[in-house]
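S.K.: Model the following, please.
(2 chains)
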Amino acid sequence: MLNRTQVAALVFRRLALIGQELAKPELVQADEQTRLFGQASQLDSIGLVTLIADLEQDLREATGQSVQLVNEKALSRLTSPFRRVGLLIDYITELLNKPA
Amino acid sequence: MPAWYLQRWEKFATKVAFISEEATCTYADLVNFYQQAAATLAQLQLTEPQGFALMGDHGPVSTAWLFLLQEQGHWVVPLSTAAGDHAEKLTQVPVHWVIQTTATQASVVRAEVAKHDVIATELTALRHGLVLFSSGTSGRPKIMVQDLPNLLSRYESRRENHLRILVLLGFDHIGGLNTLWGALAAGSTLVVVAHRAPSTVLTALAKYQVNVLPASPTFLNLLVVAGEWSQYDLSALRLITYGTEPMPPSLLERLRALLPHVRLVQTFGTTETGILQTESVSADSTFLRLVDPAVEWKVIDGELWLKSQTQIKGYFRQTSNAFTADGWFRTGDRVEQAADGSLRILGREGESINVGGEKLMPVEVETVLLENSQVVDCRVYGVPNLLTGQTVVADIVTSATAAPELLRAQLRQLCRQRLPRYKVPTQINFVSTVSGARLKKTR
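M.R.: The predicted structure is shown next:
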């Protein structure tokens, strides 16, 4: 299973690709504090859905498992995992390493 | 006095009515089959209208029975050999007899299914009826009863021609029946193929020097994808009519480039209203005009409404809100109306994708995706998404061997340039084939 460093590498790679596509240098040079969705964020809702679909695909390829990033639980968290890059990395790592 | 079509068939006598791999049949043969059917029917000594399941494919025997039965007030449930759902259908419509037809023979047996009780009002509805099934967007098949003599009378004005027409749609489909009736009213020759594989159809087009091909955009796309046009002699082909689903403009362009000598004409119809007379705005346009004197039309909230003289008598043992109290039929087809009043069919109401409250039709996105030369075929649909309600997904068949990542980015870029943000696919899958007919009503 992927550890946090591996997940972070995967997320940053994907953000860089989407940043290029959308011509958003902030995403290409993203760090853990970069805001993804919500106030002063880099992505609109379609952008976020795209990022999530891409990440799910990346994770499927990396782990051989189907991973659902958006679910009721994720959306009902007090701090949305989609707010900042670091939170998203935490969330994915947690999701992957959770006992089945 | 024999019916108008019988008089015509007698006059066309030596012309060929049907060509298939098994048999060739002239109009005189067709009249013979009709007389044989009439003799068989007389032996049944029926005193009141009854139901007949008519099984088979396009051919002189099935055709003879179809015309004969409606004349005598019976109702007909045509069942195409290719469809495997006969038993299911026959539990829903009362039939007393099953006629199994081949290209040259018919056998009539009593229906095995438990006899249904038909109440008087139903009998009135079924008399002279043609019973057709269509799967609505809601999934449950709709059972429709057309008034067959009324429907057939629309074809009487056809003038004689000498065209060879290939019929693809089945004997149980309003589009296939429209081709059949139009051809037989005009003394054309119908070419019947055993199955619809691209190579079979192309072989028949060449071998029988077919002039007219009515087809769906999905099927035409298959032919293009198969890439075999050039190996066949299609010099006789003059006209392709397309309908039953929206034509992506980029496919129309490809067809025009591949077959510069062929005229491409859009048709439009529904089982509920019959096939309408239409005109394409121009050869390179997917807009059409409804010019049928027997049909009124209007567009309500982006949906096409029709009022036709060949409207169905009703749905059988089903309720539906498809018809308004004053007789308008809500087609369920989303249309775009140009300033000059012409219409472009966008797709089915039920197929619209709702992204965060904004609606789009798959064809809008498919049209753009197909502009990329590496996209061979594609299918766009919505999937549920917790963030936006639904999200747009595209399945792509590609000829590219390069990294899918690259093509994915290119396609998104293309969509972003051409479409509003919410219509851009959030997920692009590369697949070997896309299933189902694009925006087809019977999905």
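S.K.: Tell me who's in contact with B:Ala257.
M.R.: By Cβ atoms under 8 Å, 6 or more residues apart in numbering or on different chains, B:Ala257 lies in contact with nothing. From N, CA and C alone the C-beta is placed, and that goes for glycine too.
S.K.: what helix or strand is it on?
M.R.: Using DSSP states H and E, the element containing B:Ala257 is helix B:249-258.
S.K.: Name the residues of that helix that come out as buried.
M.R.: B:249-252, B:254-255 (16 or more other Cβ atoms under 10 Å in any protein chain shown).
S.K.: Dump the lowest-mean-pLDDT helix or strand in chain B to PDB, restricted to CA.
M.R.: Sorted by mean pLDDT, DSSP states H and E, the helices and strands of chain B end with helix B:217-226, the least confident at a mean of 78. Output of helix B:217-226 as PDB, limited to C-alpha atoms (Å, rounded to 0.1, in the frame of the first residue of the first chain):
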ATOM      1  CA  PRO B 217     -25.900   7.300 -37.800                       C
ATOM      2  CA  THR B 218     -24.500   4.600 -35.500                       C
ATOM      3  CA  PHE B 219     -24.600   2.100 -38.300                       C
ATOM      4  CA  LEU B 220     -23.000   4.600 -40.700                       C
ATOM      5  CA  ASN B 221     -20.300   5.300 -38.100                       C
ATOM      6  CA  LEU B 222     -19.600   1.500 -37.900                       C
ATOM      7  CA  LEU B 223     -19.200   1.400 -41.700                       C
ATOM      8  CA  VAL B 224     -16.800   4.300 -41.500                       C
ATOM      9  CA  VAL B 225     -14.900   2.700 -38.700                       C
ATOM     10  CA  ALA B 226     -14.700  -0.600 -40.500                       C
END
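S.K.: can you give me the offset of the helix holding B:Ala257 from its chain's centre?
M.R.: 21 Å (Cα atoms, centre = their mean, to the nearest Å).
S.K.: Could you check how sure the model is about the next helix or strand after that helix, as an average pLDDT?
M.R.: As assigned by DSSP H and E, the chain's next helix or strand after helix B:249-258 is strand B:263-266. Confidence for strand B:263-266, expressed as mean pLDDT, is 93.
S.K.: what does the following helix or strand past strand B:263-266 rub up against?
M.R.: Using DSSP H and E, the helix or strand that follows strand B:263-266 in sequence is strand B:268-270. Contacts of strand B:268-270 from elsewhere in the structure, counted by Cβ under 8 Å, 6+ apart, are B:174-175, B:178, B:243, B:275-276, B:278, B:288, B:290, B:306, B:329, B:331, B:333, B:345.
S.K.: Let's see that with 7 Å instead.
M.R.: B:174-175, B:178, B:243, B:275-276, B:278, B:288, B:331, B:345 (Cβ atoms under 7 Å, 6 or more residues apart in numbering or on different chains).
S.K.: Would you mind listing the buried residues in that strand?
M.R.: For strand B:268-270, by 16+ other Cβ under 10 Å, it's B:268-270.
S.K.: so which of those residues comes closest to B:Leu41?
M.R.: Distances from B:Leu41 to these, taken as Cβ to Cβ, are shortest for B:Gly269 (29.9 Å).
S.K.: quick one: the closest one and B:Asn150, what's the gap?
M.R.: Distance of B:Gly269 to B:Asn150, computed by Cβ to Cβ, to the nearest Å: 15 Å.
S.K.: B:Val380 now?
M.R.: Distance from B:Val380 to B:Asn150, by Cβ to Cβ: 39 Å.
S.K.: ok, the two, which is more surrounded?
M.R.: Per other Cβ atoms under 10 Å in any protein chain shown, whichever of B:Val380 and B:Asn150 has more neighbours is B:Val380, with 27 against 16.
S.K.: Identify the residue spatially nearest to the more buried one, adjacent ones excluded.
M.R.: B:Pro362 (4.0 Å; Cβ to Cβ, 6 or more residues apart in numbering or on different chains).
S.K.: For B:Thr433, see how far away that neighbour is.
M.R.: For B:Pro362, the distance to B:Thr433 - Cβ to Cβ - is 17 Å.
S.K.: For chain A, which residues are neighbours of chain B?
M.R.: When proximity is defined as Cβ under 7 Å from any Cβ of the partner chain, chain A approaches chain B at A:21, A:44-46, A:48-50, A:53, A:70, A:75.
S.K.: Mark which of those are buried, thanks.
M.R.: If we count by 16+ other Cβ under 10 Å, those have these buried: A:21, A:45-46, A:48-50, A:53, A:70.
S.K.: Sort those by pLDDT and name the bottom one.
M.R.: Comparing those by pLDDT, A:Ser45 comes last, at 79.
S.K.: Would you confirm that that one contacts B:Leu387?
M.R.: Yes. Using Cβ atoms under 7 Å, A:Ser45 and B:Leu387 qualify as a contacting pair, with a distance of 5.8 Å.
S.K.: Which positions in chain B make contact with chain A?
M.R.: Counting by Cβ under 7 Å from any Cβ, chain B sits next to chain A at B:356, B:385-388, B:391, B:409, B:412-413, B:421-422, B:424, B:426-427.
S.K.: So which of these belong to helices?
M.R.: B:409, B:412-413 (DSSP state H).
S.K.: Report the buried members of those.
M.R.: Judged by 16+ other Cβ under 10 Å, buried ones among these: B:409, B:412.
S.K.: Turn the ones in helices among the residues of chain B next to chain A into a markdown table, including pLDDT.
M.R.: Output for these, formatted as a markdown table (pLDDT from 0 to 100):
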| residue | pLDDT |
| --- | --- |
| B:Ala409 | 88 |
| B:Arg412 | 91 |
| B:Gln413 | 90 |
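S.K.: In the stretch 151-300 of chain B, where is pLDDT below threshold?
M.R.: Within the stretch 151-300 of chain B, no stretch has pLDDT under 70.
S.K.: can you give me the strands for it?
M.R.: Applying DSSP state E, counting those that start in this stretch to the stretch 151-300 of chain B gives strands spanning B:164-167, B:189-192, B:212-215, B:239-242, B:263-266, B:268-270, B:274-276, B:278-280, B:287-290, B:295-300.
S.K.: on contacts alone, who are the packing partners of the first one?
M.R.: It refers to strand B:164-167. Helices and strands touching strand B:164-167, by 3 or more Cβ pairs under 7 Å, 6 or more residues apart in numbering or on different chains; DSSP states H and E, are helix B:174-186, strand B:189-192, helix B:198-207.
S.K.: what do you get if the cut-off is 8 Å, keeping everything else the same?
M.R.: Applying 3 or more Cβ pairs under 8 Å, 6 or more residues apart in numbering or on different chains; DSSP states H and E, one finds that strand B:164-167 makes contact with helix B:174-186, strand B:189-192, helix B:198-207, strand B:212-215.
S.K.: got it, and the fourth one?
M.R.: In terms of contacts (3+ Cβ pairs under 8 Å, 6+ apart), strand B:239-242 is packed against strand B:212-215, helix B:217-226, strand B:263-266.
S.K.: and A:Phe82, how far is that from B:His86?
M.R.: In terms of Cβ to Cβ, A:Phe82 sits 52 Å off from B:His86.
S.K.: Same check on A:Leu78?
M.R.: Taking Cβ to Cβ, one finds A:Leu78 at 58 Å from B:His86.
S.K.: follow-up on the earlier one: out of the helices and strands packed on strand B:239-242, deepest packed?
M.R.: Most buried of the helices and strands packed on strand B:239-242, by mean neighbour count (mean count of other Cβ atoms under 10 Å in any protein chain shown): strand B:212-215, with a mean of 24.
S.K.: Mind exporting the C-alpha coordinates of that strand to CSV?
M.R.: Extracted C-alpha coordinates of strand B:212-215, given in CSV (Å, rounded to 0.1, in the frame of the first residue of the first chain):
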residue,chain,number,x,y,z
VAL,B,212,-30.7,3.9,-51.5
LEU,B,213,-29.5,3.0,-48.0
PRO,B,214,-31.6,4.1,-45.0
ALA,B,215,-29.5,3.8,-41.9
